[in-house]
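> Need a 3D model of the following:
(one chain, ligands or ions: 1)
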Amino acid sequence: MRHWPFTQLTLTTDDLVLRIPDDHQLDELAQVAADGVVPAGAVYFPQPWASGTPEETARNVLQNHWWARGDWREDNWRLLLAVFHHGQVVGQQNLSARDFRITREARTGFWLGRRFQGRGLGTQMRAAALHLAFEHLGAERVVSTAFSDNVASRRVSEKFGYEPGGVRRLAAENRRVEAHDDVLSASRWGSQHRPAVKVEGFTECRSLFGVPAVPPPVDVVKHV
Ligand SMILES: CC(C)(COP(=O)(O)OP(=O)(O)OC[C@H]1O[C@@H](n2cnc3c(N)ncnc32)[C@H](O)[C@@H]1OP(=O)(O)O)[C@@H](O)C(=O)NCCC(=O)NCCS
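Residues are numbered from 1 along each chain as shown. Model prediction:
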């Protein structure tokens with residue numbers, strides 16, 4: 001699509017391809033979600049998008065993608081990528097930011113269909129998002145949030161060396177949950193062995209993320 005350059009953006013890891021889904025792929029993604037994302041009774045998201053009937057869950061996925069595209073602004077964006085494993089849609093990786101040009105802080109979110117969980121794919125998905133954030137967008141930090149009992153999500157953050165950034169108490173689905181905001185800095189990202197990620201089609205999208213062609217130096221405040 002000529003006028004929505006994100007359709008050209010492709011992230012490739014050892015086992016995965018991450019792209020904006022076309023309509024057919026989005027429908028597949030919605031079906032993966034409808035087939036189940038969270039174990040029965042578990043609360044892993046602040047919004048109950050995956051807790052209704054399969055039909056409701058599928059529609060939530062579709063509407064979330066349409067909303068994120070329609071609401072895209074350079075100072076407030078949400079990139080929702082479908083994740084493909086051997087050509088099959090398996091889940092979704094998000095990267096989002098508000099006022100990124102100024103804050104240089106992005107957030108991640110991710111989910112896999114239940115049958116695709118626990119095989120190391122979530123780790124590769126996060127690696128792809130972190131690579132895009134740090135190495136192409138010039139992020140200074142990335143925040144990933146997981147509820148206290150979401151062992152898999154928190155373990156993925158731990159593997160990348162995130163540091164604790166605080167715990168918030170939230171109400172989600174009428175339950176009290178503790179949300180851990182873990183933070184990965186560019187320096188910690190840069191000091192570790194990083195999985196290989198190939199990014200294609202970024203140049204065409206750069207300005208829509210609100211970042212200049214060459215990210216400004218980290219120390220932009222001059223003291224006299
Ligand atoms: C969170 C999610 C995306 C992670 O993807 P994944 O492919 O399952 O994760 P991976 O297999 O790459 O890694 C998970 C890690 O957690 C560990 N883990 C998972 N469940 C565990 C448990 N019950 N106890 C201890 N460790 C556990 C795994 O061993 C692995 O660590 P390791 O590589 O050191 O062995 C996926 O599990 C998911 O979609 N969950 C439901 C939706 C969700 O919670 N989304 C995130 C909301 S914050």
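
> Give me every residue in the protein lying close to the ligand.
37-38, 44-45, 110-112, 117-123, 146, 150-153, 155-156, 159 (C-beta under 6 Å from any ligand atom). All C-beta atoms are positioned from the backbone trio N, CA, C, and that covers glycine.

> give me the residue from the protein nearest the ligand.
Residue of the chain nearest the ligand, by C-beta to the nearest ligand atom: residue 122 (1.9 Å).

> so how far is residue 56 from that residue?
24 Å (C-beta to C-beta, to the nearest Å).

> Give the full set of residues in contact with residue 137.
Counting by C-beta atoms under 8 Å, 6 or more residues apart in numbering, residue 137 makes contact with 100, 106, 209, 211, 215.

> so the second one, which of the three states?
To tie it back to what came earlier, the one meant is residue 106. strand (DSSP: H, G, I helix; E, B strand; the rest coil).

> Look at it and say how many residues are nearby.
Using other C-beta atoms under 10 Å, residue 106 has 26 neighbouring residues.

> and what of the third one?
A total of 22 residues lie near residue 209 under the criterion other C-beta under 10 Å.

> if I pick it, what's in contact with it?
Residue 209 neighbours (C-beta under 8 Å, 6+ apart): 74, 77, 97, 100, 137.

> Look up phi and psi at it.
With angles defined as degrees, to the nearest 10, residue 209 sits at phi -90, psi 0.

> what's the biggest helix by length in the chain in contact with?
Counting by DSSP state H, the longest helix found in the chain is helix 54-70. Applying C-beta under 8 Å, 6+ apart, the contact partners of helix 54-70 are 4, 21, 26-27, 29-31, 33-35, 37, 49-52, 78-80, 92.

> Assess the claim that residue 197 and residue 128 are in contact.
Yes: using C-beta atoms under 8 Å, residue 197 is in contact with residue 128, at 5.1 Å.

> shaky segments in this protein?
214-224 (pLDDT under 70).

> Can you pull up the most central residue in the protein?
residue 94 (2.3 Å; C-alpha atoms, centre = their mean).

> what's the closest non-adjacent residue to it?
In space, and not counting its chain neighbours, residue 94 is closest to residue 109: 4.0 Å by C-beta to C-beta, 6 or more residues apart in numbering.
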